[in-house]
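Enquirer: Requesting a structural model of the entry that follows:
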Amino acid sequence: MVSIPESAIKIVQTHSVFTDMRMQQYLQNVIFTWQWWLLVFLMIGPWILWWYLVDKKRLTPICLLGMFVLATCVWMDDLGTDLILWYYPYKLLPIYPQLVPINYSVLPVAYMLIYQFFAAWRSYITAMLIMATLFSFVAEPALNYLGIYIVLKWQYYYSLPIYMLIAISHRWLLEKILAISRQHMKM
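Expert: Residues are numbered from 1 along each chain as shown. Presented below is the predicted three-dimensional model:
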């Protein structure tokens, strides 16, 4: 049996206290508030819109891009919350430190729809720049104003190049994967 260092035991104990506090906060101050209902809408609404708008003939590449975006957003949000760059007092679920509706719904759906409707790189980058600007300087401050997203050691303008890097790198990766797939289908 492996012995657990005393420091690890303290970390687990502290984490347990934190989890209990987060659950208590959620049950007493979050669930069924108007902010919580807004998060419910942000979790479900974009997917309903997406289903009506998505080009079902191109579902596989569009969904693949969405999954790339979702994975990246979750990873980056975990990093930001662990580094205490921001905090979410209102969450859809108390057990996740991230803002689930944004990472699992709003951002993937936005990226997928822009990918679908703007096929040329130039128009894609222009549309993504508009989206990134709106998310960085309108949506993030709005969520902050509503008390859902609390900025601690972060500036809104930091988000703009990150949104753009995700847009460019993920589309590039998707196109490389699709090209390899098409090449192997010809063989």
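
Enquirer: hey, let's count contacts and neighbours off CA atoms from now on
Expert: Noted.

Enquirer: Residue 85 and residue 152 touch, don't they?
Expert: Yes: contact status for residue 85 versus residue 152: in contact at 5.1 Å, counting by CA atoms under 8 Å.

Enquirer: residue contacts, residue 118?
Expert: 124, 127 (CA atoms under 8 Å, 6 or more residues apart in numbering).

Enquirer: mind checking how far it is from residue 94?
Expert: 37 Å (CA to CA, to the nearest Å).

Enquirer: try residue 40
Expert: Remark: distance between residue 40 and residue 94 (CA to CA) = 13 Å.

Enquirer: Please apply the same query to residue 125.
Expert: Using CA to CA, residue 125 is found at 36 Å from residue 94.

Enquirer: So for this protein, the centremost residue is which one?
Expert: The residue lying closest to the centre of the chain (CA atoms, centre = their mean) is residue 103, at 2.0 Å.

Enquirer: The nearest residue to residue 153 once chain neighbours are set aside and residue 177, how far apart?
Expert: Leaving out its chain neighbours, the residue that sits closest to residue 153 by CA to CA, 6 or more residues apart in numbering is residue 85, at 4.5 Å. According to CA to CA, residue 85 stands 33 Å off from residue 177.

Enquirer: following whichever helix or strand residue 9 is part of, which helix or strand comes up?
Expert: In the assignment (DSSP states H and E), residue 9 maps to helix 6-25. Following helix 6-25 in sequence order, the next helix or strand is helix 34-53 (DSSP H and E).

Enquirer: Show me where this structure has its helices.
Expert: Secondary structure of the chain, counting by DSSP state H: helices at 6-25, 34-53, 59-82, 100-101, 107-117, 121-134, 140-145, 156-186.

Enquirer: closest to residue 90 out of these?
Expert: Between residue 90 and the helices of the chain, the shortest separation by CA to CA is 6.5 Å, and it involves helix 34-53.

Enquirer: In the closest one, which of the residues would be classed as buried?
Expert: Using 16 or more other CA atoms under 10 Å as the test for burial, helix 34-53 gives 35, 36, 39, 40, 42, 43, 46, 47, 50.

Enquirer: between that helix and helix 107-117, how many degrees?
Expert: With axes from the mean of the first three to the mean of the last three CA atoms, to 10 degrees defining the directions, helix 34-53 sits at 20 degrees from helix 107-117.
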